[in-house]
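Participant: Model the structure of this input:
(one chain, ligands or ions: 1)
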Amino acid sequence: MTGERTVGERTIGEQVVGEQVAGGGSGTDDFYGRLRAYEGRAAVAGGEGRDAVNEPMIRHWCEAMGDTNPAYPASAPPTMLQVWTMGGLSGHTGGSIRSEAYDELLALLDGAGCTSVVATDCEQEYLRPLRPGDRVTFDAVIESVSPRKTTKLGSGHFVTTRMDIRAGGELVGKHRFRILKYAPARRSSAAKERTTEVKEARRPRPVINRDNAGFWAGVAEHRLLIQRCTDCGTLRFPWLPGCGACGCLEWETVEASGAGTVFSYVVMHHPPFPAFDPPYAVGLIELAEGVRMISNITGVPYDKVRIGMPVELEFLRVDADLELPVFRGAVA
Ligand SMILES: [Zn+2]
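Facilitator: Numbers count the residues shown, from 1 in each chain. A predicted model of the protein is given here:
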């Protein structure tokens with residue numbers, strides 16, 4: 001990775017659905033001018049990594065991520081960049097290292113009604129790998145404050161901070177973090193309608209797309225279809241575009257015999273969901289063909305469901321638009 005610049009990005013929150021630069025009134029422009037005055041000011045100053053870059057933390061990370069790259073733990077995965085700057089649950093020694101300027105900016109936004117906050121995305125640049133023994137220092141700057149924007153969540157300003165992370169004085173990475181400070185949107189009539197619908201207790205609808213349409217077409221004909229890779233023959237369920245074993249995108253279907261056993265189950269007591277009447281059992285059913293699916297278990301009281309219990313496929317007509325494959329248990 002030396003000499004390369006890699007950029008990683010992930011989206012945490014809501015997508016911006018519309019953009020609206022607040023203009024018109026000079027008062028609004030004034031306000032944005034006051035926000036922009038914070039651009040370039042420190043958000044964090046003089047941060048020091050709590051621990052040196054170290055092998056145990058790298059190992060734990062790799063284990064949690066399932067990353068078996070042999071380059072680790074001799075060096076740290078680049079995506080651990082932020083890890084070395086974190087203060088832990090008790091915070092950084094000596095209290096908060098956040099600058100007054102950043103607190104002022106947030107207070108200004110609070111005062112304008114932008115009292116909610118959501119992290120929207122982060123972006124990292126890696127300049128050189130960190131290795132065990134490296135001690136990091138960091139500071140952060142308020143890089144930009146956006147004009148007022150309107151999103152599904154509400155209207156407000158995106159605030160981007162950029163943390164520069166150094167080891168031995170050398171810049172090793174940059175971590176950009178963006179939040180939206182916003183005034184929550186008043187609930188739309190569509191959202192209210194959705195709530196009304198929930199009160200009528202309709203079961204949730206399946207999301208049918210081109211990758212799983214064949215499954216639901218099968219259900220409509222009272223057939224439970226399993227995908228089979230045409231290359232290596234591996235069965236898969238739930239439906240996916242490609243084979244997890246060999247990567248092949250070609251597939252055919254096999255109709256399940258309908259026989260299965262309860263591989264595992266949970267009994268739902270709480271939280272309550274509209275259209276479901278707790279307590280009820282949710283089963284992980286192992287089909288005779290070997291794949292497993294999550295479904296309801298019918299015909300057996302929730303407290304009589306047992307692992308290993310034989311079950312048989314049946315189709316449950318939920319309402320005029322929805323039919324579901326479920327499994328009828330047989331109490332011994
Ligand atoms: Zn395959």
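Participant: any idea whether Pro129 is helix, strand or coil?
Facilitator: coil (DSSP: H, G, I helix; E, B strand; the rest coil).
Participant: so the residue lying closest to it once chain neighbours are set aside is in which element?
Facilitator: Distance criterion Cβ to Cβ, 6 or more residues apart in numbering; nearest residue to Pro129, sequence neighbours excluded, is Ser75 at 4.2 Å. Any C-beta I mention is one placed from the backbone N, CA and C, and that applies to glycine too. Applying DSSP states H and E as the criterion places Ser75 outside every helix and strand.
Participant: Ser75 against Arg128, yeah?
Facilitator: No - using Cβ atoms under 8 Å, Ser75 is not in contact with Arg128, being 9.5 Å away.
Participant: Report the separation between the residue of the stretch 1-150 of the chain found nearest the ion and Pro77.
Facilitator: Per Cβ to the ion, Gly66 is where the stretch 1-150 of the chain lies closest to the ion, at 20.9 Å. From Gly66 across to Pro77, the span is 12 Å (Cβ to Cβ, to the nearest Å).
Participant: higher neighbour count, the two?
Facilitator: Taking neighbours as other Cβ atoms under 10 Å, Gly66 and Pro77 compare with Pro77 leading, 19 against 6.
Participant: Tell me which residues touch that one, please.
Facilitator: By Cβ atoms under 8 Å, 6 or more residues apart in numbering, the residues touching Pro77 are Ile58, Trp61, Cys62, Met65, Asp67, Asn69.
Participant: Point me to the helix or strand that includes the fifth one.
Facilitator: Meaning Asp67. Following DSSP H and E, one finds Asp67 outside all helices and strands.
Participant: So what's the residue count around it?
Facilitator: 13.
Participant: Close to the ion: what parts of this protein are there?
Facilitator: Proximity of the chain to the ion, by Cβ under 5 Å from the ion, involves residues Cys229, Asp231, Cys232, Thr234, Cys243, Ala245, Cys246, Cys248.
Participant: Counting neighbours, what do you get for the third one?
Facilitator: Other residues within reach of Cys232, judged by other Cβ under 10 Å, total 11.
Participant: my guess is it meets Gly247, correct?
Facilitator: No - with contact defined as Cβ under 8 Å, Cys232 does not reach Gly247; the gap is 9.4 Å.
Participant: which residues of the protein fall in helices?
Facilitator: Along the chain, counting by DSSP state H, helices occupy 26-36, 55-65, 100-111, 189-199, 213-220.
Participant: For the last one, list the C-alpha coordinates in CSV.
Facilitator: To tie it back to what came earlier, the one meant is helix 213-220. Output of helix 213-220 as CSV, limited to C-alpha atoms (Å, rounded to 0.1, in the frame of the first residue of the first chain):
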residue,chain,number,x,y,z
ALA,A,213,-39.3,-12.8,-8.6
GLY,A,214,-39.0,-16.5,-9.5
PHE,A,215,-39.4,-17.5,-5.9
TRP,A,216,-42.6,-15.6,-5.5
ALA,A,217,-43.9,-16.9,-8.9
GLY,A,218,-43.3,-20.4,-7.5
VAL,A,219,-45.2,-19.5,-4.3
ALA,A,220,-48.2,-18.3,-6.4
